[in-house]
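Asks: Structure for the following, please:
(chains A and B)
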Amino acid sequence: DTEVTQTPKHLVMGMTNKKSLKCEQHMGHRAMYWYKQKAKKPPELMFVYSYEKLSINESVPSRFSPECPNSSLLNLHLHALQPEDSALYLCASSQYSRLAGGTDTQYFGPGTRLTVL
Amino acid sequence: QQPVQSPQAVILREGEDAVINCSSSKALYSVHWYRQKHGEAPVFLMILLKGGEQMRHEKISASFNEKKQQSSLYLTASQLSYSGTYFCGTEVQGAQKLVFGQGTRLTINP
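Replies: Coordinates of the predicted model:
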């Protein structure tokens, strides 16, 4: 089973709202990722969690706040977003954050399509 | 640094072959290939490792040329289900992340 689930599937929010995206995996993976993907562009890494600790923040604005409550769950808290933040937000997981294990790769969830009005 | 994929787009008739290339200016440890259909998540196809063998997924195969830091994805006898955008994700040794190329949009017509 290589399933990563994300909720909600779609989210529309105003610039003053606070919302959260949720990601869950039950594969025993110890690394989880948030990506942002704009239309016709590749996924762009935002954050990496390894063993529930934030290991990479790709200079993401503070209006995006990640949280990893446990090894299966990853949240992305959103506050005071801008219309240009509208995008598909993808969560992914891998067995380890260092992929150089030979067989490890990232498995993506279906994403949350976010629209900021 | 983002790898460069070529071509940016390909249109084929069902049954034709295609090659998609992914080049990096950095020394790579591995290359990961994904396919993404419109409105869906990227789906993992295969990994190419430094020093590793050519890999295959159904009628799709790939290779990794360490000297050129280039990976190629070969789609043989393409099927309608192969349509989508193909991304390569490159891993530099010791990094905790993949950096994705800009994608190659593949359209298969009947």
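Asks: what residue ranges in chain B score low on pLDDT?
Replies: B:52 (pLDDT under 70).
Asks: can you list the residues of it near chain A?
Replies: B:2, B:29-30, B:32, B:34, B:40-44, B:47, B:49, B:87, B:89, B:91, B:93-103 (CB under 8 Å from any CB of the partner chain). Placement of C-beta: from N, CA and C, glycine included.
Asks: wait, what's in contact with A:Met13?
Replies: A:19, A:78, A:81, A:114-117 (CB atoms under 8 Å, 6 or more residues apart in numbering or on different chains).
Asks: Of these, just the buried ones, PyMOL syntax please.
Replies: Only the buried entries of the contacts of A:Met13 go into this PyMOL selection, using 16 or more other CB atoms under 10 Å in any protein chain shown:
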select buried, chain A and resi 19+78+81+114+116
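Asks: Just send the contacts of A:Met13 back as TSV, with pLDDT too.
Replies: As requested, the contacts of A:Met13 are exported to TSV (pLDDT from 0 to 100):
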residue	pLDDT
A:Lys19	96
A:Leu78	97
A:Leu81	94
A:Leu114	97
A:Thr115	96
A:Val116	96
A:Leu117	93
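Asks: Mind picking the two most distant members of the contacts of A:Met13?
Replies: A:Leu78 and A:Leu117 (13.1 Å; CB to CB).
Asks: all strands for chain A, in order.
Replies: Taking DSSP state E to define them, one finds strands in chain A at A:4-7, A:10-13, A:18-25, A:31-37, A:44-50, A:53-57, A:64-70, A:73-79, A:87-94, A:107-108, A:112-116.
Asks: partners of the fourth one in the sheet?
Replies: Right, the one you point to is strand A:31-37. strand A:44-50 (antiparallel), strand A:87-94 (antiparallel) (DSSP bridges).
Asks: could you dump the shortest one to CSV, C-alpha only?
Replies: Output in CSV follows, covering the C-alpha atoms of strand A:44-50 (Å, rounded to 0.1, in the frame of the first residue of the first chain):
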residue,chain,number,x,y,z
GLU,A,44,8.2,23.0,-5.9
LEU,A,45,9.5,21.8,-2.5
MET,A,46,8.3,23.8,0.6
PHE,A,47,9.1,21.7,3.7
VAL,A,48,10.7,18.4,4.6
TYR,A,49,10.1,16.6,7.9
SER,A,50,12.4,13.8,9.0
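Asks: Perfect, that will be all.
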